[in-house]
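Colleague: Need the 3D shape of this:
(chains A and B, ligands or ions: 2)
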Amino acid sequence: MDIALLGNPNTGKTSMFNNLTGSYEYVGNWSGVTVEKKVGLLKKGTASLIDLPGVYSLNPLSKDEGVVTHFLLHDSFDRMLNIVDASQLERNLHLTIQLLEFGRPLIIALNMVDVASKRGIEIDVEKLASQLGTSVVPVIARTGRGCDELTEFVTTIESPSITSFTVSYGEEMERAIERLARMLEGKVNHSVRWLTLQLLEGNHYVKAYLQSFIGKEELEVFIHDTSKAVLSNVEEKTIDHFIYRKRQAAIGALLRNSTYTEQENKQPLSEKIDAVITNKWLGLPIFFVVMYFLFMLTFDWLGFPLSDMLDGIISGPITNGLESFLSLIGASSFIHALVLDGVVAGVGGVLVFVPQIFILFFFISLLEDSGYMARVALVMDRLMEHVGMNGKAFIPMMIGFGCNVPGVMAARTIETPRERMLTVLLTPLMSCSARLPVYALFVGAFFVSHKALIVLSLYILGIVVALILAKVFSTTILKGETSFFVIELPPYRIPQGKALWKSTWEKGKGFVKKAGTFIFAGSVLIWLLSYAGPQGLNVEMDDSFLAMIGGLFAPLLAPLGFGTWQAGASLLTGFLAKEAIISTMNIIYFVPDEASLQGLLINSFSPVAAYSFMVFILLYIPCLATVATIKKETGSYKWTGFSMGYALLIAYLLSFLIYQIGTLLGF
Amino acid sequence: MLASLKIGKRVKIIDTSGTDRLVRRRLLDLGITEGSEVCIKCKMPFGGPFMLESCGQCVGIRRREAQTIKVEEL
Ligand SMILES: Nc1nc2c(ncn2[C@@H]2O[C@H](COP(=O)(O)OP(=O)(O)OP(=O)(O)O)[C@@H](O)[C@H]2O)c(=O)[nH]1
Ligand SMILES: [Mg+2]
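Modeller: Ligands and ions are numbered 1, 2, ... in the order given. Okay, the predicted model is just below:
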């Protein structure tokens, strides 16, 4: 049995999904966290649950909303579980009505009853259920209260009867529904009532669907006739508004005798917090302070000492242990070198940064779960408008600081295609967590007294370049008038320890996993390439295959200050994953730990060349996984190619300027 | 017009016909339409967006859009 989770954005669908399936999908306190369909198996029973993006109505504006309509039209499922936010019942029921019109078995989970009761809203569940003709189960998805009952209910109930509840849209509409039914001649297995209403509301997905059965002209005539007939003796000017009004009236009647609201209570806490966070003058400074703290904790105050400690453990006890173990079992010198100079250097060099990565992800999760993300979008909108984007684009960018892949995906919630494309193209310029280790290594060697400042300058450079390019692109290749900004600001929620840890772990897990698989395999390969050469095995590193490959790029990189085969080879692996740069360097420079690598680096880079190298790494190309995501999201090889091409060009240009001017000035 | 309203004053929306189609549709999704009671919570500086509140729900919209929404005092 397949059960689809449907509901308004940010009502707790994914929280419910995680609770019922025991898996973990992305949860956050803003609208549009889930942007694609996810399937999971129920903990109890054999049914599968399908998590979908949140929608306000089935008539989509953005791409993530389109996922839901497409799902309803083309995928098969047995039941719908409608998650309804009890504290915003009126608005949520608009979707419920559309789902009821869709005409499949539906069960309502009344979520966030805790929030509702805090706001003084009391809901008579029985009455609501009997009026709607469906089952209504009150739950709290966050804590899991009522979830067991819900599972029990959803899976065991024989076949929930299809409700008789209907909104009456008047005689003209009923006639139109009959007319469409005749036109379709029973060729579709969706409810004709639902199809008619969606079509008249302007749902493009439904229109396209119907056009595969009915001629375009004929359909247009139908829409025109019906609109005219329905609107002839009412005050509404458009048919979609008319339909909305009818539903609104039905919901009003429904709520009048099933809910009770305590009159005007005190100002909610959320609004008090907002008086400061989104204060006219404090908003922007607060944002910068928050980002500064996040950065300093990750990089300097907390992250650095922890990483140093881990480095000590890996290069000390672990390496020594492995060494004695290999000698004990009498491993050949080849295996010896492979394990210690290849795997330990390559994988260990990356694992050292796990603490910093986790601290970063912890703070990103904290921001996501608190409700601050939507506020950032509000505060940044004016600036973004100047460069041809909207404030919502800042959410994908913030996510991009963790990892560019979910960042690019998050752009789906941006309604206008032009702004969405801009966001997809520019999010990879945000300095992701995998780039952090590279900076850490280099500032440790070259800028010991200004570590944090130098790294901060790179993060800011990424944002500044993105904003400038946004302006350039939006006035040249991605021109267009339409810019659109309406954002829902969810109430603040205090993040819960367990959920926070889960969300941090899920994000950080990828980094550890990658180190154990991708980086592991890569390290072995890189080491082999550095061990073998045209003259055979165990050659001098400078005569190895790796040196030959890296050497191809060296002349090109010379004007940037790092024209060595080592830099060339590292940059090449950096395309596969940014942190592979570290592995490659560790292997090439043939050192046991970070500190000695830093010692060696000083001989091959000047400080200004090191900075130019870091800038190049920041910008030069989205990593392979990001490129694949860009391809998936834009659906175009041209734009994917462009995203790599412009990045390379900008990186080359900036590094060139930095190195040449820096050298001229005598750094 | 909504844009010229003082912060914290509660009003009723009477006409949104001059508003951009997409914006109107999104506001409708959020339950803000003709007849809704709203109040402005804050205005961002330098011509930035506004934060509205309606039925306990906060929404951010641009100043340009707020200038097209007609309201009347309660
Ligand atoms: N107080 C309270 N908070 C909840 C409840 N259920 C979910 N939340 C919180 O609501 C926020 C949104 O939860 P999600 O599960 O991401 O919501 P969603 O419906 O999947 O959202 P989209 O994917 O954006 O459509 C999170 O911060 C949750 O912790 C609940 O019953 N009570
Ligand atoms: Mg979700």
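Colleague: relative to its centroid, which residue of chain B is most remote?
Modeller: Relative to the mean C-alpha coordinate of chain B, counting by CA atoms, centre = their mean, the farthest residue is residue B:46 (18.2 Å).
Colleague: who touches the nearest residue to residue A:157 once chain neighbours are set aside in this structure?
Modeller: Computed as CB to CB, 6 or more residues apart in numbering or on different chains, the closest residue to residue A:157 that is not its neighbour in sequence is residue A:135, at 7.2 Å. Where you see a C-beta, it was placed from the backbone N, CA and C, and this is true even at glycine. By CB atoms under 8 Å, 6 or more residues apart in numbering or on different chains, the contact set of residue A:135 is A:107-108, A:129, A:153, A:157, A:160.
Colleague: can you list contacts of stretch A:211-223?
Modeller: Under CB under 8 Å, 6+ apart, the answer for stretch A:211-223 is A:176, A:179-180, A:183-184, A:187-188, A:199-200, A:207, A:210.
Colleague: from these, which is closest to chain B?
Modeller: residue A:200 (14.5 Å; CB to the nearest CB).
Colleague: and the closest residue to the closest one other than its chain neighbours, how many neighbours does it have?
Modeller: In space, and not counting its chain neighbours, residue A:200 is closest to residue A:239: 4.9 Å by CB to CB, 6+ apart. Residues lying near residue A:239 (other CB atoms under 10 Å in any protein chain shown) number 23.
Colleague: what sits against whichever residue of chain B sits closest to ligand 2?
Modeller: Nearest residue of chain B to ligand 2: residue B:29, at 16.9 Å (CB to the ion). By CB under 8 Å, 6+ apart, the contact set of residue B:29 is A:56-57, A:91, A:94.
Colleague: Stretch A:5-20 and chain B in contact?
Modeller: No. Stretch A:5-20 lies apart from chain B when judged by CB under 8 Å from any CB of the partner chain; the minimum separation is 8.6 Å.
Colleague: which residues of chain B fall in helices?
Modeller: B:21-29, B:63-66 (DSSP state H).
Colleague: Which of the residues in the longest one are classified as buried?
Modeller: Going back to what we said before, that points to helix B:21-29. B:22-29 (16 or more other CB atoms under 10 Å in any protein chain shown).
Colleague: thinking again about what came up before, with the contacts of residue B:29 in mind, which one is nearest to residue A:321?
Modeller: Set against residue A:321, the nearest of the contacts of residue B:29 by CB to CB is residue A:56 (57.9 Å).
Colleague: Can you give me the distance of the closest one to residue A:198?
Modeller: Shown here: residue A:56 relative to residue A:198, a distance of 14 Å by CB to CB, to the nearest Å.
Colleague: With neighbour numbers in mind, choose between those two.
Modeller: residue A:198 (28 against 24).
Colleague: ok, that one - contacts?
Modeller: Taking CB under 8 Å, 6+ apart as the test, what residue A:198 contacts is A:58-59, A:98, A:206.
Colleague: Now the buried members of these.
Modeller: Here, 16+ other CB under 10 Å leaves A:58-59, A:98, A:206 buried among these.
Colleague: rewinding a little: Serialize the helices of chain B to TSV and add fields for distance to ligand 1.
Modeller: Shown next, in TSV, are the helices of chain B (distance: least, CB to the nearest ligand atom, whole Å):
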stretch	distance to ligand 1
helix B:21-29	13
helix B:63-66	23
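Colleague: Out of those helices, which is closest to residue B:50?
Modeller: helix B:63-66 (5.1 Å).
Colleague: Contacts for that closest one, please.
Modeller: With CB under 8 Å, 6+ apart as the test, helix B:63-66 has contacts from A:486, B:1-3, B:19-20, B:23, B:40, B:43, B:47-50, B:52.
Colleague: and what of stretch A:641-658?
Modeller: Contacts for stretch A:641-658 (CB under 8 Å, 6+ apart): A:424-425, A:428-429, A:465, A:469, A:559-561, A:608, A:611-613, A:615-616, A:618-622, A:627, A:630.
Colleague: Contact residues of the stretch 101-250 of chain A facing chain B?
Modeller: Residues of the stretch 101-250 of chain A lying near chain B (CB under 8 Å from any CB): A:119, A:237, A:244.
Colleague: any idea how far the spatially closest residue to the first one that is not a sequence neighbour lies from residue A:419?
Modeller: Translated: residue A:119. Nearest residue to residue A:119, sequence neighbours excluded (CB to CB, 6+ apart): residue A:87, at 5.6 Å. Relative to residue A:419, residue A:87 is positioned 30 Å away (CB to CB).
Colleague: Now the most far-flung residue of chain A relative to its centre: phi and psi?
Modeller: The C-alpha centroid of chain A is most remote from residue A:330, which lies 48.7 Å away (CA atoms, centre = their mean). Dihedral pair for residue A:330: phi 70, psi 40, per degrees, to the nearest 10.
Colleague: Now flag whichever of the buried ones among the contacts of residue A:198 is closest to ligand 2.
Modeller: Once CB to the ion is applied, the member of these that ends up nearest ligand 2 is residue A:58, at 17.0 Å.
Colleague: If anything else comes up later, I'll come back, but that's it for now.
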